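Student: Fold the following and give me the result.
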Amino acid sequence: IVKDDKFGSSVAIDGDNIVAGAPGQAGDQGTAYIFERPTSPLAAGNAWPPEMPQSAKLEPSDGVTDDRFGGSVAISGHTVVVGADGDDRDALKSQGAAYVFVEPSGGWSAPTWTLNENRKLVASDADGRDHLGESVAIHGDTVVAGAPGDTFGALEDQGSAYVWVKPQVGWTSTAALGPSAPADSLFETAKLTASDGEQWDELGSSVSVSGRNVLVAAEGEGGDSVGSVYVYTQPAGGWAANGGAHTQNDKIEAGDRTAYDKFGRSVAISGAAAVMGAPGEHSDRGTAYFFRLPTAIVVEKKTEPGGSLETFAFGGDVSGSLLDGGTLSQAVAPGTYQTTETVPADWHLASIKCDDADSSGDTIAATATFRVQAGETVKCTFTNQKRGTIVVAKTTDPPGYASCFTFSGDASGCIADGDQIVVDGLVPGTYTSTETLLPGWELASIICDDSDSTGDLATRTATFRVQASETVACTFGNEKAGPYHNYLPVVLR
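Tutor: You can find the predicted model right below:
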């Protein structure tokens with residue numbers, strides 16, 4: 001360590017391992033160092049000694065001057081992430097990058113104390129001055145990096161953050177990752193933006209991740225660097241859901257916010273507990289704010305067709321009644337909870353979809369099971385479809401014929417001219433009814449009053465395709481066969 005190395009500009013710790021950045025080393029090329037707590041029996045109680053040398057030095061394989069590698073660092077288990085917001089690619093100056101280092105099987109100090117990255121993380125839509133990697137965070141298999149310089153059209157420095165999920169082949173695989181990513185690099189799994197983003201918000205100025213929740217700060221938001229923090233929650237389908245494009249689930253602001261607070265300059269989250277720094281508050285005296293993210297379960301009701309005035313009752317850990325579009329919510333402690341719908345007789349429970357991969361729905365039991373972690377709000381949506389009806393109608397030529405025509409299938413029975421078979425209470429779907437032809441009669445037509453439903457004269461079958469709340473009628477037209485149709489009146493003179 002020498003002058004201007006800026007050692008300690010960033011630090012992180014997990015268990016027995018510390019990582020510290022030195023972004024000023026070698027003309028701002030930068031480096032980072034790993035320190036391991038001694039396990040020697042000579043170290044009293046295996047305590048941290050007053051002074052200790054590094055176990056490993058982390059360097060990017062493509063490092064050059066002004067990369068500022070080590071400006072941000074993070075560690076989770078055996079994986080370290082180091083940001084280099086000054087990294088250039090092609091002509092894109094300071095687009096930025098993040099680097100992933102995985103602890104070797106023999107430990108950080110083996111086989112050599114200088115290590116290059118296992119994988120470089122870059123943005124698929126990178127541009128100059130994005131400064132990706134100005135902030136980084138990792139928890140388990142999820143890496144987050146901020147790009148506060150990301151520009152959207154005329155909105156300069158609106159900012160964004162990117163999420164990477166460890167591939168199935170691992171961070172260390174040399175397999176191609178990303179269809180057009182540069183060699184040994186990996187494009188993001190998801191990009192996080194603010195739905196209300198504005199110029200100079202600098203979303204991504206700091207980031208933190210815990211479980212399914214990601215905090216991304218925008219220290220410039222609100223004009224005059226007031227600052228705010230955005231909360232993103234991993235969808236049930238994972239971060240890749242919705243094409244990997246996500247806006248915030250919630251937004252956190254200081255209750256006493258004022259200009260130049262820079263609320264969110266630093267953020268941290270662990271479970272439901274979140275801390276945000278505001279170094280500019282009170283004339284730069286600064287303040288830190290503690291928030292507890294809500295832990296709750298939510299039941300949402302949807303109907304098909306929409307806008308139904310039917311009331312749906314729920315019981316269990318969340319109870320009450322809902323109309324279409326309504327919600328019930330309940331604050332809870334981390335744990336497992338259930339709620340059950342009483343399904344009205346003329347309705348079908350088509351699906352229960354929860355926005356958390358650990359939670360589930362059972363349509364047979366009409367029950368949602370919520371498995372909630374600290375700081376999570378889990379929503380399960382019950383979607384009901386109004387049951388439908390199919391009608392088989394009979395006409396004859398000549399009309400008024402009293403003989404009974406027999407039908408089998410989903411609409412079965414025996415009807416004469418002008419009669420109907422009505423089957424109601426049907427789950428939306430596909431149904432059939434087939435006529436048994438009477439001797440001396442021909443089936444001339446099958447006409448359905450719904451464009452999705454059809455009749456097949458060859459098989460004498462109507463196929464009903466019923467939507468929610470729909471009534472579909474198919475009319476079977478029979479003609480008397482034989483001389484009746486070939487007979488022409490003759491006038492005898």
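
Student: what about residue 217, which helix or strand?
Tutor: Per DSSP states H and E: residue 217 is located in strand 213-218.

Student: ok, residues contacting the next helix or strand along the chain from that strand?
Tutor: Once strand 213-218 ends, the next helix or strand along the chain (criterion: DSSP H and E) is strand 228-233. By CB atoms under 8 Å, 6 or more residues apart in numbering, the surrounding residues in contact with strand 228-233 are 192, 194, 203, 212-218, 221-222, 246, 248-253, 257, 263-264, 267, 274, 276, 293, 355, 376-377. All C-beta spots, glycine's among them, are computed from the backbone N, C-alpha and C.

Student: Show me what the strand holding residue 217 packs onto, helices and strands only.
Tutor: Contacts defined by 3 or more CB pairs under 8 Å, 6 or more residues apart in numbering; DSSP states H and E place strand 213-218 against strand 142-147, strand 160-165, strand 203-210, strand 228-233, strand 266-270, strand 273-278.

Student: closest to residue 19 out of the ones you listed?
Tutor: For residue 19, the closest of these is strand 142-147, at 14.0 Å, according to CB to CB.

Student: Just list what that closest one packs against, helices and strands only.
Tutor: Contacts defined by 3+ CB pairs under 8 Å, 6+ apart place strand 142-147 against strand 79-84, strand 97-102, strand 135-139, strand 160-165, strand 203-210, strand 213-218.

Student: Point out where the stretch 1-150 of the chain drops to low pLDDT.
Tutor: Along the stretch 1-150 of the chain, segments meeting pLDDT under 70 span 40-46, 110-112.

Student: what do you get if the cut-off is 50, keeping everything else the same?
Tutor: By pLDDT under 50, the stretch 1-150 of the chain contains no weakly predicted segment.

Student: And the helices in it?
Tutor: Under the criterion DSSP state H, counting those that start in this stretch, the stretch 1-150 of the chain contains helices at 25-28.

Student: residues near the closest residue to residue 96 other than its chain neighbours, how many?
Tutor: Nearest residue to residue 96, sequence neighbours excluded (CB to CB, 6 or more residues apart in numbering): residue 132, at 3.2 Å. When neighbours are counted by other CB atoms under 10 Å, residue 132 registers 31.

Student: residues contacting residue 132?
Tutor: The contact partners of residue 132, taken as CB under 8 Å, 6+ apart, are 83, 85, 87, 95-98, 122-123, 126, 145-147, 150, 162.

Student: from these, which is closest to residue 303?
Tutor: Among the contacts of residue 132, residue 162 lies closest to residue 303 (CB to CB), at 37.7 Å.

Student: tally of neighbours for the residue lying closest to residue 301 once chain neighbours are set aside?
Tutor: In space, and not counting its chain neighbours, residue 301 is closest to residue 322: 3.9 Å by CB to CB, 6+ apart. Using other CB under 10 Å, residue 322 is surrounded by 20 other residues.

Student: State the distance from residue 284 to residue 478.
Tutor: 92 Å (CB to CB, to the nearest Å).

Student: These two - which one has more neighbours?
Tutor: In terms of neighbours (other CB under 10 Å), residue 478 is the more surrounded of residue 284 and residue 478; the figures are 23 against 10.

Student: The more buried one contacts residue 446, correct?
Tutor: No. Assessed by CB atoms under 8 Å, residue 478 is found out of contact with residue 446, at 10.3 Å.

Student: isn't the residue nearest to residue 301 right up against residue 312?
Tutor: Yes. Taking contacts as CB under 8 Å, residue 322 lies within contact range of residue 312: 5.2 Å.

Student: Overlap of the contact sets of the two?
Tutor: Common contacts of residue 322 and residue 312, defined by CB under 8 Å, 6+ apart, comprise residue 301.

Student: Pipe the helices and strands packed on strand 142-147 into JSON lines and attach mean neighbour count and distance to residue 359 per row.
Tutor: Formatted as JSON lines, those follow (neighbours: other CB atoms under 10 Å; distance: least, CB to CB, whole Å):
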{"stretch": "strand 79-84", "mean neighbour count": "29", "distance to residue 359": "27"}
{"stretch": "strand 97-102", "mean neighbour count": "26", "distance to residue 359": "30"}
{"stretch": "strand 135-139", "mean neighbour count": "27", "distance to residue 359": "20"}
{"stretch": "strand 160-165", "mean neighbour count": "27", "distance to residue 359": "20"}
{"stretch": "strand 203-210", "mean neighbour count": "28", "distance to residue 359": "18"}
{"stretch": "strand 213-218", "mean neighbour count": "29", "distance to residue 359": "15"}
